[in-house]
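Enquirer: Any chance you can model this:
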Amino acid sequence: MTAKLAGLDPLTWWNVMQGGAADSFVLSHDVPSIFAGHYDPSFPIALCLKDLGLIKDLLDRVGTTSTLTDATYDRFREAARRYGTAAGEMTVCKVIEDDAGIDLRVAGDWVKPWEVQRGPTATVNNS
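Expert: Predicted coordinates:
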C-alpha cells in the first residue's frame, strides 16, 4: 500500500520483491490474490483468529508479550468485524485498502493462488 501511495506501480513492486530477500511463499501465493481482488477464500479469518488466540495464550502462559502478534490479532479481528469470519485470510489486506481509500488491483489474467509458480518463474499475463 505504501509503495502504491508513493506512486510505485504494484506490479513493479511485486517483481522487484521476487527473488530477493523478501521473497516468500506469501509473496508468491498471496499477492496475486490481492491483485485479483478475491483475497483467496480458502483459509478463513476464523482459523486465523483461532491460531492467533493460541499464540496469545502461549505468550500469556510463558509471561511474555509480542507487540507484532497483538497488532496482527487486532487487524484480523477488525477484518472479521467488517467482512465476517468466513472471509478469506487475505481479506485483512482489504482492511488496509479500505482505510487508505484505494485498492491494489492489477489488470491481467491472474493465476489462481494454488496454481502460482514460486520464485522468479512466476508469471502473469498482463495483456
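Enquirer: Residue 54 - how many residues pack around it?
Expert: Neighbourhood size, residue 54 [other Cβ atoms under 10 Å]: 10. Yep, even glycine has a C-beta here, placed from its N, CA and C like the rest.
Enquirer: Can you point out the buried residues in the particular helix or strand that has it in it?
Expert: Assigned by DSSP states H and E, residue 54 belongs to helix 45-62. Of all the residues in helix 45-62, those buried under the rule 16 or more other Cβ atoms under 10 Å are 45, 48, 49, 52.
Enquirer: Out of these, the closest to residue 91 would be?
Expert: Closest approach between these and residue 91, by Cβ to Cβ: residue 45, at 6.3 Å.
Enquirer: pretty sure that closest one contacts residue 81?
Expert: No - judged on Cβ atoms under 8 Å, residue 45 makes no contact with residue 81 at a distance of 9.8 Å.
Enquirer: In this protein, where is pLDDT below threshold?
Expert: Low-confidence segments of the chain (pLDDT under 70): 111-127.
Enquirer: All the helices of it, in order from the start?
Expert: Counting by DSSP state H, the chain has helices at residues 2-5, 10-17, 25-36, 45-62, 67-83, 91-100.
Enquirer: Return the list of helices and strands in contact with the longest one.
Expert: Packing partners of helix 45-62 (3 or more Cβ pairs under 8 Å, 6 or more residues apart in numbering; DSSP states H and E): helix 67-83, helix 91-100.
Enquirer: Those: which one's closest to residue 27?
Expert: Closest to residue 27 of those, according to Cβ to Cβ: helix 91-100, at 12.7 Å.
Enquirer: Quick one: list the elements packing against that closest one.
Expert: So helix 91-100, by 3+ Cβ pairs under 8 Å, 6+ apart, packs with helix 45-62, helix 67-83.
Enquirer: again, only using 7 Å
Expert: helix 67-83 (3 or more Cβ pairs under 7 Å, 6 or more residues apart in numbering; DSSP states H and E).
Enquirer: From residue 32, how far off is the most centrally placed residue in the chain?
Expert: Residue closest to the mean C-alpha point of the chain, counted by Cα atoms, centre = their mean, is residue 90 at 4.4 Å. Computed as Cβ to Cβ, to the nearest Å, the residue 90 to residue 32 distance reads 10 Å.
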